[in-house]
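J.: could you look at this predicted model? Sequence included:
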Amino acid sequence: MSTETISGAWPALVQKGTTKAMENLSQMIGQPIEVSSFGLRSIPVGQIVHLVGGPETTAVGIYLTVSGAAEGHLMLLYEPKIACQFVDLLMMQPPNTTVTLGEMEQSALGELGNIVGASFLNVLGDEMQIVLMPSPPTVVLDMAGALLSVVAADLMMTQEEAYVAETSFRAADRDIDGSFFVMPSAALLRALLDWSHAT
């Protein structure tokens, strides 16, 4: 991707959307959320499976697709024990209550995905004056490479490079952290760049 792609106004818009999503997540769990890092980078689509600790790292993924004026992919990723701690916060249970992710626990994580995805896309859609809608979330426990390969397979049909926004976050008073990935399709990236040029 060109240098133009990783400069301009739209990275600030993505960060604004991510910040809003984390604010709403904080309200949902009743705990302050700190954004510990925010990065934007262009990588070959085939490298997506290596984004989190190696493709064989076990992870819990909350996956949403983006539809409407353009397409894209959103994914929250956690270590399984961290996902269980998030469930305890969401369900207002004492720490370490949740040890497995059954149907009820996955439903709670799915609602977390709904909040983050809708909050993020509402900011982008409002600023760009387009309609962007999240799909219902899918919650899956698998190897990180397998989770991310779903995104890679879709993007590979239309592009060789993926532009990835990665946010690391943690709950301020607990050892709870995770990653939020935004991976726009080529069409959504073009829409973001057109918006950037117009502002």
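T.: Happy to help now that I have it.
J.: quick one: low-confidence parts of this structure?
T.: The chain contains residues with pLDDT under 70 at 1-9, 172-175.
J.: okay, strands next: where are they in it?
T.: For the chain, the strands defined by DSSP state E cover 33-44, 58-68, 72-78, 132-134, 138-143, 161-171, 177-184.
J.: deepest-packed of those, please.
T.: Burial of the strands of the chain is given as mean neighbour count (mean count of other C-beta atoms under 10 Å); strand 72-78 ranks first at a mean of 25. C-betas here are computed from N, CA, C, even on glycine.
J.: neighbouring strands of it in the sheet, and parallel or not?
T.: Paired with strand 72-78 in the same sheet, following DSSP bridges, are strand 58-68 (antiparallel), strand 177-184 (antiparallel).
J.: just to revisit the earlier point, can you add distance to residue 105 and give the strands of the chain back as JSON lines?
T.: Listed next are these as JSON lines, based on distance: least, C-beta to C-beta, whole Å:
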{"stretch": "strand 33-44", "distance to residue 105": "20"}
{"stretch": "strand 58-68", "distance to residue 105": "10"}
{"stretch": "strand 72-78", "distance to residue 105": "12"}
{"stretch": "strand 132-134", "distance to residue 105": "21"}
{"stretch": "strand 138-143", "distance to residue 105": "9"}
{"stretch": "strand 161-171", "distance to residue 105": "17"}
{"stretch": "strand 177-184", "distance to residue 105": "15"}
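J.: out of those strands, flag the one nearest residue 93.
T.: Evaluated over the strands of the chain, closeness to residue 93 peaks at strand 161-171, with 14.5 Å, by C-beta to C-beta.
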